[in-house]
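In: Next comes the sequence, and after it the predicted model I'd like to discuss.
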Amino acid sequence: DCRTLELPDVEQEKAAKPEIKTEVYLFEDLCEETPASRAAGAQPVSASAQEALSETEAILRQATEEAARLKEQARSEGLAQGLAEARQQVEERLAPAIAAFLKAGEELGQLRRQLIERQEKEVIELALAIARKVIHQEVTQNPQTIVGILKAILQETVDREELKVHLNPEDFDVGMECRDSLLASVEGIKSLSLERDPNISRGGVVVETHLGEIDGRVERQLDEIEQGLRTQFYRRRRTD
């Protein structure tokens, strides 16, 4: 049993009850007066309605701008996320290669240090061997060499009150021959005695004073040469 729903005639209701003010307006009536609205007797847009319309337009404009901003943000974040994921994948793939490269670099550095240390050791040993050979040849071929060595050692002494000189037996005779000249060339020596000492190699000298010993043996000279070479190598490594 279908019944027809009849809607009331708005114009008739308005004519029948003129004291009732209707607040119903079409959306276009809020925007502007059209000929149709004037013919229908619609009232001009009130100030409150105009304000509501302005607020609505502002809200729509803000919503549009916010939607555009969110869209751009989503696009940027998506791009950034994609780049981050790509970078992570590249890093994961390259990690083994980088680790191998660093390890190889460390091994090469260690090998280089080992080669340098071995090279330094060989150079020092060679230099000391040459120095020993030169000293031996010099004191053997030129016995007077001990005179210059002895004079240099005596000049280093501070306490020259009483000096006792230890020489290799093969250098003793030459030392005794130059004793007087040493006393004349080195000032302040009041007593100078020479003794044979088989524990001292040729070309070496040990001088006893009241303050202690002055070691002029060949071995000590070689130690000084070695220390000087090691210092030079160390400085060179620091500058490389």
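Out: That came in fine, so what should we check first? Residues are numbered from 1 along each chain as shown.
In: what's the top helix by length along the chain packed up against?
Out: If you go by DSSP state H, the chain has its longest helix at helix 47-141. Helix 47-141 sits against helix 27-31, helix 145-156, helix 218-239, with contacts defined as 3 or more Cβ pairs under 8 Å, 6 or more residues apart in numbering; DSSP states H and E. C-beta here means a position set from N, CA and C on the backbone, and glycine is covered the same way.
In: how about Glu91, what does it touch?
Out: Applying Cβ atoms under 8 Å, 6 or more residues apart in numbering to Glu91 gives no contacts.
In: Show me what Asp215 is bridged to.
Out: Counting by DSSP bridges, Asp215 is bridged to Val206.
In: any idea how far it is from Glu106?
Out: 44 Å (Cβ to Cβ, to the nearest Å).
In: Show me which of the two is the more surrounded one.
Out: Comparing Asp215 with Glu106 by neighbour count (other Cβ atoms under 10 Å), the higher total belongs to Asp215, at 15 against 10.
In: What pLDDT does the model give the residue found closest to Ile225 once you drop the neighbours it is linked to in the chain?
Out: Spatial nearest neighbour of Ile225, excluding adjacent residues (Cβ to Cβ, 6 or more residues apart in numbering): Ala131 at 5.6 Å. In this model, Ala131 is scored at 84, pLDDT.
In: With Glu208 instead?
Out: 92.
In: Could you grab the helix/strand/coil label for it?
Out: At Glu208 the chain is in strand, as set by DSSP: H, G, I helix; E, B strand; the rest coil.
In: List the contacts of it.
Out: For Glu208, the contact set (Cβ under 8 Å, 6+ apart) comprises 163-166.
In: Quick one: residues contacting the closest residue to Arg220 other than its chain neighbours.
Out: Nearest in space to Arg220, with sequence neighbours left out and distances taken as Cβ to Cβ, 6+ apart, is Gly204 at 8.0 Å. Counting by Cβ under 8 Å, 6+ apart, Gly204 makes contact with 149, 167-168, 216-220.
In: where's Gly204 relative to Ile153, distance?
Out: Gly204 is 10 Å from Ile153, by Cβ to Cβ.
In: Between those two, which contacts overlap?
Out: Common neighbours of Gly204 and Ile153 (Cβ under 8 Å, 6+ apart) are Gly216.
In: sorry, back to before: which among the contacts of Glu208 count as buried?
Out: With neighbours counted by 16 or more other Cβ atoms under 10 Å, these contain buried members at 163, 165-166.
In: Show me which of those is closest to Phe233.
Out: Distance to Phe233 across the buried ones among the contacts of Glu208 (Cβ to Cβ) is lowest for His166, with 33.7 Å.
In: Return the set of buried residues in stretch 131-143.
Out: 132, 135, 138-139, 143.
In: For Glu161, which three-state class applies?
Out: Glu161 - assigned by three-state DSSP - is coil.
In: Neighbours of it, how many?
Out: 12.
In: OK, contacts around it?
Out: Here Glu161 is in contact with 190-191, 209-210 (Cβ under 8 Å, 6+ apart).
In: Flag the helix or strand of this structure with the lowest per-element mean pLDDT.
Out: Every helix and strand in the chain was compared by mean pLDDT, DSSP states H and E; the lowest is helix 27-31, with a mean of 45.
In: quick revisit: so which of the helices and strands packed on helix 47-141 gets nearest Ala127?
Out: helix 218-239 (5.9 Å).
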